[in-house]
Each structure stands twice: as C-alpha cells, then as structure tokens.
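>>> Sharing a model that was predicted from the sequence below.
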Amino acid sequence: MSKNPKKPTQASKADKYALYQRAVQESEVEVKFFNRVFKKLFNTKPTTLREDFCGTFAICCDWVASQKDRIAIGVDLDPEPLAWGREHNLSKLKPKAQERVTLLEDDVRSVGKVRVDVLAAQNFSFWIFKTRPQLVDYFKVAYQNLADQGMMVLDMMGGSECWDEGHVDVRKYKRFTYEWEQAMLDPITHDARFHIHFAFKDGSRLEKAFTYEWRFWSIPEVKEMLLEAGFDDVHVYWENTDSEGEGTGIYRQREHAPADPCWIAYIVGVRAGETATLKK
Ligand SMILES: C[S@@+](CC[C@H](N)C(=O)[O-])C[C@H]1O[C@@H](n2cnc3c(N)ncnc32)[C@H](O)[C@@H]1O
C-alpha cells in the first residue's frame, strides 16, 4: 500500500512484461549459447529459429538482430504477450530485421511450414504438459519442426530448495524487487505452482503478476521422453561454478553433476540427420 492513497503506486504504474523481461530473460545470452552448441554439434552456424512458448518473443528478436540472414518464428497461444512484444521488442528492430520475424498465435503442438535449425522452449514452459503422453507428443512435433540437422533446447530447474514449499527467491533491481515463489509442490503427482511477484520501494506490490501451474519434471525423465519421441541424442549442459561454488553463467556438457540446492540446466535434444557425425 502507498503511504499517500491519492498518489498512484509504483505497482499501479508498472508494466509486468517489462519487469519480467528485465528480471527473467537474458535472450542475448541464450542466442550465444545456441550458436555455440549448434556449432559444436554440426560445425556450422544456425540460421533458422523457432521459439515455442515465445511470450514477448525476446529471443526471436535477438536472433534476427544477430545476423542478417537469420529468420525466427515465435509461437504462443496468448495474444497479450505477443502484442506487447510487437510494441516493445519488434518495433526496436530495423525494418528489414522485423520482416524476418514471423509470429504464430497457435499451440506449440502445431507442425510449422518451416523446419528450423534451433527450436527453443525456454523458462520451463514445457512443464505445462503434465503427463508423459502429452509431453512425448509435444516432443514428437518439435522433432518434426526441426531440420534434418537441428537441435531443441529446453531449460530445467531443480534442487532441494525447489521442494521447500513457500521458498521465495529474491533478486533486487534498481527500481523493483523480483520474487519467485515456490508456492506448492505435491510429492505424489509433482504438480507444482509458482508465482512471480514484484515489490516496489513505495511498499506497493504486483502480487502474482504471473502464476504457473506445472508438472515438476526431472532431467532423466525429460531425456528419456526426448529419445522416445525420436531424438537421436540428448545432451545436458550444466553450469560451471567458481571457487566459492557460485554459478558462472557458463554451461558445459556434463554426464554427472554434484548435488546443488538450486540449479538451472539446459537439455539439448539432437536431430542428427542421416550423415551427421555427432561430436560429444
Ligand atoms: C513461462 S511463459 C514463457 C515466456 C517466454 N518463453 C520466456 O522465456 O520468458 C509461458 C508461455 O507459454 C504460453 N503457452 C502455454 N501453453 C501453450 C501452448 N500449448 N502453446 C503455445 N503457447 C503456450 C503462454 O501463453 C506463455 O506466454
């Protein structure tokens, strides 16, 4: 609550998508990661990208801005974040680059016209699919949406803190505080609920700006389902840590990792093509 009830609160003036992008997304970093992994796999640069669950499609925009021959396709069911992204992200690109972004207000389980080099599904969004058949079906469509040599990149989170109902991760920014609340996790079904809240210096809050009802999947389950859906190989990228045990933001392919109370990792599903020699 604001101290002066007549004055609009910072929360009432806030734009939840702008705050989300500032706090949650690092689309330029993701694009660099996709380049590096694709090059390692296929020894060439990727040009086409599909961003499933794209929301405000920040990755699409950074993708087309990163190279003149790149095209991006963003897919999301919800017209609201797509409209926000058109106004705030797409409009910042040069006109020619804008033309290289296609937006589809559609279900990610739709087979697209273009088969892409990189299919990205970020911020755990695929956890919306709560059963094995649903998720395997989605992965089958994702595989079809990839070119003969292509990769699907998913992110995952986990660690003991995620099992702590009521646990809140807090990050402070200049104008607001971001809170990620682990609201519920059912150990029998792995149904999980998360909220994003934003708090402001005047004491006002954007409570439950975003809420996610997901299934808490594990890395081995996702690896198994990608292989079942037809992917030729699945690699896990784990974050390197410094001497203090803090994450460095650099992810390397790993077969094993130490226990960590709060981790984020990437899973890369590989469509290898007939003649590919996969580099481990
Ligand atoms: C957690 S947000 C992720 C936004 C963005 N990818 C990011 O990294 O921040 C999840 C998005 O998935 C969309 N979504 C949920 N189910 C979907 C489906 N079946 N097909 C397409 N989009 C879906 C929602 O509308 C929402 O914008």
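Sure, I can see it. Numbers count the residues shown, from 1 in each chain.

>>> Look at the residue in the stretch 1-150 of the chain that the ligand sits nearest to and tell me its secondary structure.
Nearest to the ligand in the stretch 1-150 of the chain, going by Cβ to the nearest ligand atom, is residue 55, at a distance of 3.0 Å. Where C-beta positions appear, they are placed from N, C-alpha and C, glycine not excepted. Local secondary structure at residue 55 is given as coil here, using DSSP: H, G, I helix; E, B strand; the rest coil.

>>> burial measure for residue 96, as a count.
9 (other Cβ atoms under 10 Å).

>>> if I pick it, what's in contact with it?
If a contact means Cβ atoms under 8 Å, 6 or more residues apart in numbering, then residue 96 has residue 68 as its contacts.

>>> do you know how far it is from residue 63?
Relative to residue 63, residue 96 is positioned 14 Å away (Cβ to Cβ, to the nearest Å).

>>> Any stretches of the protein with poor pLDDT?
Per-residue confidence for the chain (pLDDT under 70) gives these ranges: 1-5, 275-280.

>>> how does it divide up, domain by domain?
Under the assignment named as automatic domain parsing, the residue ranges that make up the domains of the chain are 10-16+161-214, 24-157+215-271.

>>> which one of those has the most crowded surroundings?
The densest packing among the domains of the chain, expressed as mean neighbour count by mean count of other Cβ atoms under 10 Å, is seen in domain 24-157+215-271 with a mean of 18.

>>> centre of the chain versus that domain, how much separation?
In terms of Cα atoms, centre = their mean, to the nearest Å, the centre of domain 24-157+215-271 is found 6 Å from the chain centre.

>>> Going forward, the N-terminal residue is numbered 4.
In the new numbering, first residue 4, that becomes domain 27-160+218-274.

>>> what's the span of that domain from first residue to last?
For domain 27-160+218-274, the separation between the terminal residues is 28 Å (Cα to Cα, to the nearest Å).
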